[in-house]
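Peer 1: no letters, just coordinates:
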């Protein structure tokens, strides 16, 4: 069976057993503060498991794109070094929400593996939770009993708490799990050693392929467990590993999931997979990482320096580094793999094909930028090696080790992994202080952990119920608190409240959360956590258990709504002016401004921006009324012209927002009609990444303020030109006159520099082999600096030096010039000036032949001058 056939067989089997087949959720998670990426198939069902969303389908199955590169599920460093870890992988899974439990899940798994896929039963083993006396948990005899229907007792293996007890996090739903392992070794190897001895022992041929989690407990903040009201089955089967078993291969990379991509990398690099261990690692890294990078971009996550974007950038750079160091790629190459990826996976994930051009452009731009960064890192490394070599040439105590701090700077700033730094240093007979490097790495991780540390108390439940959002229709209501908890982060303490009814919009979809009041306390923000609207307050309401009046800050909400509606109008206007290829790639809507990212492959010209603004403001003046459909089937919404954005997860029913010809799927808050926006003013257009542009705009009062600032600026400029009737002509005349005057000044300064040059040469005295000119007094340092290049052209074969110690408007400065014969002897003007500058409490530098420094202490000029004269004359005559 091909991988495509295997994926289809699983979904068809689960469908035949009454499961609703749902599409994969986006790999990049946007509205969950606890997760950056989907790292397990259950993520999209987390709110159902937590009881925050109703159960729509009691049985569900899917194939989910997953990414494990952050937090406790981080496989990044293992990828490439072995043949079975991946960053991105597909997880085949089936779920039961209050329907079947242990027996049903075990029977389904066994039937699919042995009767549909016809896997040899003698190669299968299962594990069950062995129990945890410390927590009062006994062995999962119930699951073991159900497995005895299918396997003999010697194939049921007790698993530890680490391997066989699954937890969503430090708190929340959890339970024992049962894993199915397969022994892929040859018959001869199996006869020599029983497969059960290799379960969970990191043997690449004896691997787990399916994990069945029995969620039956709730972990409290104090570590205690209580029964979960709704028992849940959550299963996950690694698609790539399953393909290994079915296709009779020895590693994931040998299957048709990866082989076409590996052949493409071989073609581009000229390296054959399987012939060299180092190049094999690189090929595996690249074949894996290109999938992660491309899918992240299709989900709307561009490489950047923050959060999820930083993780994607690290992955991309890791792939480039391996290509650079192991496959000898010297220029961008990853983007050339995208067409192969589209061919391999475009049928199952059509978003790849739809965004192929964007993916290629973003990746190529990132690669080109990183190759420049690698070159800078190489220069830094060469400087480190050169500095050590200079030291070793002059001193008996030879340095043989580069500091871990320097190696970490190369890693952190320039993307050099430690092994690449070690490899380059090895050719110079140097090593790295690895212990110091590891200390720096631990310190960085500790800083990151402390920044993210969040202490959560248990929820205090006052009453059961689900939150009803009423904020589309009203900004004030009477309600009660369902539950609350205490939270501490970065030494700041606050409370989170969940209400029975709430008019507060919780941050989502780029729109910030509402603020306002709950009873007698201020709501400082409203966040969305596990699909709950969580109201953040610094103190609890005095009547926490009673009826409370809650009220949204009306003026702030109105400004947010105006900016959100403006993003829809700008999206429509951009598509009208620039073309239908324009699609939203991100947005931020606040009370003060809006930001809108969109796909477009070149800078938007000022004329195009003006036209976009015109189209948008025509729609504002048309005062189109809000046409809102809150429960529209997704298929009908598409028929209406609404555009589903890649990287967003939509339900069967969606909310459609229409303003005249603008039709969008949106859950945010909006104005009653476009006239309420007042005016839209675009204040900035810039690039975010290759193929993605960004505009920033303001509306209503902020738009007025932007115009007022422009009027004030023009008025101030006009006043500078005596309120000239034609300001442009007055400015142009001023620039022309200023240019002419500047040329006169330059001519004058050149003449003065020539005079100064002759004066300095005339002052020179012979000191042994050296001709030395010393100058002090009141003079503009710019004149001295202009003189030095003239001296450079005059003295090419004579040992001539200048030391100038001058003041100008009370500020001291020193300057040094050294002719070519002196620099050839090893003298360095920049080093001399840096040393002498301490006497005038200043600093400076320059080139080996000329350098200057300014300072604050004029009284130190004589000492600085003396040091320079003594060093130059002493070194010159010593070297002679």
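Peer 2: In hand now; what should we look at? Predicted model only: the values in this text are computed from it and were never measured. Residues are numbered from 1 along each chain as shown.

Peer 1: ok, longest helix in the chain?
Peer 2: helix 356-394 (DSSP state H).

Peer 1: which neighbouring elements make contact with whichever helix or strand comes after it?
Peer 2: Per DSSP states H and E, the first helix or strand lying C-terminal to helix 356-394 is strand 401-402. Strand 401-402 is packed against strand 431-432, with contacts defined by 3 or more Cβ pairs under 8 Å, 6 or more residues apart in numbering; DSSP states H and E. For glycine as for every other residue, the C-beta is placed from the backbone atoms N, C-alpha and C.

Peer 1: what's the spacing between the strand it packs on and its chain's center?
Peer 2: 30 Å (Cα atoms, centre = their mean, to the nearest Å).

Peer 1: torsion angles phi and psi at residue 494?
Peer 2: Note on residue 494: backbone dihedrals following degrees, to the nearest 10 are phi -160, psi 180.

Peer 1: bridging across strands, which residues link to it?
Peer 2: Counting by DSSP bridges, residue 494 is bridged to residue 487.

Peer 1: can you tell me how far it is from residue 476?
Peer 2: 23 Å (Cβ to Cβ, to the nearest Å).

Peer 1: which neighbouring elements make contact with whichever strand or helix holds residue 213?
Peer 2: Residue 213 is part of strand 206-219, with elements assigned from DSSP H and E. Helices and strands touching strand 206-219, by 3+ Cβ pairs under 8 Å, 6+ apart, are helix 102-111, strand 165-167, strand 172-183, strand 225-238, helix 239-247.

Peer 1: can you name every helix or strand that the shortest one contacts?
Peer 2: Using 3+ Cβ pairs under 8 Å, 6+ apart as the contact criterion, the elements in contact with strand 165-167 are strand 172-183, strand 206-219.

Peer 1: run the chain-centre distance for the longest one.
Peer 2: Relative to its parent chain, strand 206-219 has a centroid offset of 30 Å by Cα atoms, centre = their mean.

Peer 1: mean confidence score for it?
Peer 2: Summarised as a single mean, pLDDT over strand 206-219 is 92.

Peer 1: now do the first one
Peer 2: Average pLDDT, strand 172-183: 93.

Peer 1: beyond it, next helix or strand please.
Peer 2: helix 187-192.

Peer 1: tell me the buried residues in that following helix?
Peer 2: residue 190 (16 or more other Cβ atoms under 10 Å).

Peer 1: and what of stretch 88-100?
Peer 2: Within stretch 88-100, judged by 16+ other Cβ under 10 Å, the buried ones are 88-97, 99-100.

Peer 1: next: stretch 682-696.
Peer 2: Buried-residue list, stretch 682-696, by 16+ other Cβ under 10 Å: 682, 685, 688-695.

Peer 1: and if you look at stretch 4-14?
Peer 2: Buried residues in stretch 4-14, counted by 16+ other Cβ under 10 Å: 6-7, 9-11, 13-14.

Peer 1: could I get the residues you listed as TSV with pLDDT, distance to residue 128 and secondary structure?
Peer 2: Shown next, in TSV, are these (pLDDT from 0 to 100; distance: Cβ to Cβ, whole Å; DSSP: H, G, I helix; E, B strand; the rest coil):
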residue	pLDDT	distance to residue 128	secondary structure
6	95	27	helix
7	94	28	helix
9	96	27	helix
10	97	23	helix
11	96	27	helix
13	97	24	helix
14	97	23	helix
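
Peer 1: just flag the most distant two among the buried residues of stretch 682-696.
Peer 2: Put simply, by Cβ to Cβ the two of the buried residues of stretch 682-696 set farthest apart are 682 and 690, 21.8 Å from each other.

Peer 1: what's the neighbour count on residue 386?
Peer 2: Residue 386 has 11 neighbours, counted by other Cβ atoms under 10 Å.

Peer 1: distance of it relative to residue 805?
Peer 2: 32 Å.

Peer 1: in this protein, which residue is closest to the centre?
Peer 2: residue 309 (1.7 Å; Cα atoms, centre = their mean).

Peer 1: what's the mean pLDDT across the helix or strand hosting that one?
Peer 2: When elements are assigned from DSSP H and E, residue 309 belongs to helix 307-326. Averaging pLDDT along helix 307-326 gives 89.

Peer 1: run the chain-centre distance for it.
Peer 2: That offset, for helix 307-326, works out to 11 Å (Cα atoms, centre = their mean).

Peer 1: any idea which of the helices and strands packed on strand 165-167 gets closest to residue 787?
Peer 2: strand 172-183 (74.0 Å).

Peer 1: pairing partners for that closest one, with directions?
Peer 2: Strand 172-183 has these strand partners (DSSP bridges): strand 124-129 (antiparallel), strand 165-167 (antiparallel), strand 206-219 (antiparallel).

Peer 1: okay, these in a markdown table with distance to residue 245 and mean neighbour count next?
Peer 2: Formatted as a markdown table, the strands paired with strand 172-183 follow (distance: least, Cβ to Cβ, whole Å; neighbours: other Cβ atoms under 10 Å):
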| stretch | distance to residue 245 | mean neighbour count |
| --- | --- | --- |
| strand 124-129 | 10 | 24 |
| strand 165-167 | 22 | 19 |
| strand 206-219 | 6 | 22 |
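
Peer 1: next secondary structure after the helix holding residue 309?
Peer 2: Next element after helix 307-326 (DSSP H and E): helix 338-345.

Peer 1: so for that following helix, what gets flagged as buried?
Peer 2: Result for helix 338-345 [16+ other Cβ under 10 Å]: buried residues 338, 340-342, 344-345.

Peer 1: that'll do, ta.
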